[in-house]
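> predicted structure and sequence below. I'll ask about it afterward.
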Amino acid sequence: MDANMISHILLWIGLIALALVVVALVRQIGVLHARIAPAGALILDKGVEVNNPAPQVTSADRHGRPVNVGYKGERGQLLFFLSPTCPVCKSLLPTLRSLGKSYRQELEVIYVSDGDHEQQMELIKQHHLEDARYVIGPEIGMTYQIGKLPYAVLIDAEGVLKAKGLVNNREHLESLFEAQAMGVGTLQEYMRQQTAATQ
């Protein structure tokens with residue numbers, strides 16, 4: 001065997017060893033991913049606690065029509081607090097439109113914002129929200145003590161606040177519905193309960 005053949009054999013052995021290391025690392029990443037619990041929406045405010053009656057407030061949408069929030073009705077409500085200057089808020093708008101269509105029979109999506117009227121109109125136009133319930137004013141945000149954006153509040157048809165939290169992605173929004181189904185305020189609360197039960 002000459003030196004050239006030996007170097008080729010060593011290179012192949014090294015390549016096979018490297019491939020085995022990559023496979024092992026990918027497997028470990030999969031195991032870690034399975035162990036990490038979903039974060040879900042994060043509650044940051046001091047407002048009404050989950051599973052209590054939602055604060056009732058009447059405001060007007062951008063057309064001047066009354067919007068009753070927190071009252072008992074035929075459908076639940078998903079309040080989405082946003083700002084035209086918030087890029088994360090804008091990134092969630094397609095997801096909210098999709099949720100609004102999927103849950104049309106049992107849920108009304110209400111967009112709540114405050115600030116410059118022209119910026120609001122531009123946001124509505126850019127994201128095709130012309131037919132959406134869109135409130136421009138501070139009343140609802142102040143009543144629900146919203147301090148950070150984007151924030152969402154889920155209220156059932158009985159007027160009970162079922163879930164709420166800071167929502168930075170689609171998973172956070174969907175976690176509100178999961179939390180409602182499990183009867184907890186957030187997925188973090190559920191994880192805390194599970195951890196306490198196993199200790």
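Sure, I can see it.
> would you list every one of the helices in the protein?
Along the chain, counting by DSSP state H, helices occupy 3-35, 87-102, 117-126, 139-143, 170-182, 187-198.
> which among these is found nearest to residue 156?
helix 170-182 (7.4 Å; CB to CB). For glycine as for every other residue, the C-beta is placed from the backbone atoms N, C-alpha and C.
> average pLDDT across that closest one?
Averaging pLDDT along helix 170-182 gives 85.
> sorry, back to before: include distance to residue 50 and mean neighbour count when you put the helices of the chain into CSV, please.
Below are the helices of the chain laid out as CSV (distance: least, CB to CB, whole Å; neighbours: other CB atoms under 10 Å):
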stretch, distance to residue 50, mean neighbour count
helix 3-35, 27, 10
helix 87-102, 19, 16
helix 117-126, 29, 14
helix 139-143, 16, 18
helix 170-182, 8, 18
helix 187-198, 8, 13
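> for these, give me a markdown table that also has distance to residue 54.
Shown next, in a markdown table, are the helices of the chain (distance: least, CB to CB, whole Å):
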| stretch | distance to residue 54 |
| --- | --- |
| helix 3-35 | 35 |
| helix 87-102 | 19 |
| helix 117-126 | 24 |
| helix 139-143 | 9 |
| helix 170-182 | 13 |
| helix 187-198 | 18 |
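> please name whichever of those helices is nearest to residue 164.
Nearest of the helices of the chain (CB to CB): helix 170-182, 7.3 Å.
> count of residues packed around residue 164?
29 (other CB atoms under 10 Å).
> ugh, wrong one, I meant residue 131
9.
> and the gap between it and residue 101?
According to CB to CB, to the nearest Å, residue 131 and residue 101 sit 11 Å apart.
> nothing else from me, thank you.
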